[in-house]
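>>> Fold the following.
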Amino acid sequence: MRKAPATFRMLAPLIAVGVLLVGCGQNQTPLEPVPTRSAAPGPAQTSAAEKPLRSAPSPTALNLPVGSLYKNPANNRNELVLADVRHTAVLIGDSQAMPKDSWPQQGIAALGYKLHVVGMGGTGFVATNGKTGNYIDALQRGDWVLPYGEPPLIVIEGGGNDATQRATDAQITSNAERLLAALTKRYPGSKLAMIGTLARGASNGGARRTEVDALVGRIAAKHGIPFVSVGDWLTRYNAVGDLQDGVHLKPSGHAKLGAVLAHELTALGLTARPDSEAATPAQ
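From the prediction side, this is the model:
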């Protein structure tokens with residue numbers, strides 16, 4: 001009996017090492033994927049794009065280097081290989097979340113997580129900045145890249161730019177629903193949480209920002225997602241003096257509100273789990 005040709009061996013599509021630029025969209029330049037040969041799915045089979053993420057081999061099993069892009073056959077999207085996805089929280093956010101040591105980053109990191117931050121200033125559930133799409137469009141067209149594997153926690157922060165760009169409640173709700181559906185399908189075992197829109201509060205000039213904060217809270221409640229309302233934090237926690245431009249915080253403000261956020265997230269039971277309780281990597 002002749003030996004089967006080598007071309008019938010299954011090959012995983014491996015993309016070249018990419019550079020992770022936290023909070024500014026990843027500028028990876030992947031090489032062409034290695035072709036894969038497999039039997040065509042029959043009537044009773046599920047196509048690769050419809051298979052759940054956990055059906056894909058782990059990065060360790062595929063010997064993928066940290067920082068590389070991998071075209072996941074489970075969803076046909078490029079994903080970033082992290083050093084320790086089991087202990088990494090994903091933060092999707094705007095300019096409030098982007099600076100290193102921002103209050104959302106500090107609050108989440110204090111719970112024991114490493115961080116993978118995506119998004120960009122000027123964006124939101126509906127808002128765009130002319131270069132990067134809003135959260136759901138940026139995700140779908142690959143403006144930024146999510147991790148391969150299954151992170152334990154995904155936090156969505158924002159709404160301020162939606163308020164500034166006068167997005168309607170219906171637009172925000174529709175895009176938020178689309179984003180939540182995409183994340184739930186892609187990471188069925190990950191915990192989701194939402195952080196609202198930083199503002200002064202309804203009685204202190206919070207205006208549309210405070211309204212959007214409340215709207216995001218209603219969306220989270222509808223889906224049973226833990227939510228932290230921050231629509232009055234600037235006045236409640238005496239952080240108006242920590243603003244550098246009326247909207248964004250100085251380092252002192254980031255530290256102050258980061259500590260408050262850590263307390264709120266801990267109260268919601270979102271602290272990192274010890275290794276003995278951490279999710280098993282996808283195999």
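>>> can we go C-alpha only for contacts and neighbour counts from here?
Fine.
>>> and after whatever helix or strand residue 173 lives in, which helix or strand comes next?
Residue 173 is part of helix 169-186, with elements assigned from DSSP states H and E. Next along the chain after helix 169-186, taking DSSP H and E as the criterion, comes strand 191-195.
>>> returning to what we had before: list the buried residues for the helix holding residue 173?
By 16 or more other Cα atoms under 10 Å, the buried positions in helix 169-186 come out as 172, 173, 175, 176, 177, 178, 179, 180, 183, 186.
>>> what sits against the third one?
Going back to what we said before, that points to residue 175. 125, 126, 136 (Cα atoms under 8 Å, 6 or more residues apart in numbering).
>>> okay if I get these as a markdown table plus distance to residue 63 and secondary structure?
As requested, the contacts of residue 175 are exported to a markdown table (distance: Cα to Cα, whole Å; DSSP: H, G, I helix; E, B strand; the rest coil):
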| residue | distance to residue 63 | secondary structure |
| --- | --- | --- |
| 125 | 36 | coil |
| 126 | 38 | coil |
| 136 | 30 | helix |
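>>> Just among the residues you listed, which is most surrounded?
residue 125 (30 neighbours; other Cα atoms under 10 Å).
>>> Show me the shaky parts of the protein.
For the chain, applying pLDDT under 70 flags the ranges 1-61, 276-283.
>>> Run through the strands of it in chain order.
14-17, 68-72, 77-80, 88-93, 114-119, 153-157, 191-195, 227-228 (DSSP state E).
>>> Need the residues that contact the third one.
With Cα under 8 Å, 6+ apart as the contact definition, strand 77-80 has outside contacts at 67, 68, 69, 70, 71, 72, 142, 145, 146, 147, 148.
>>> so how far is residue 94 from residue 129?
10 Å (Cα to Cα, to the nearest Å).
>>> Between these two, which contacts overlap?
By Cα under 8 Å, 6+ apart, residue 129 and residue 94 have these common neighbours: 121, 122, 123.
>>> Many thanks, have a good one.
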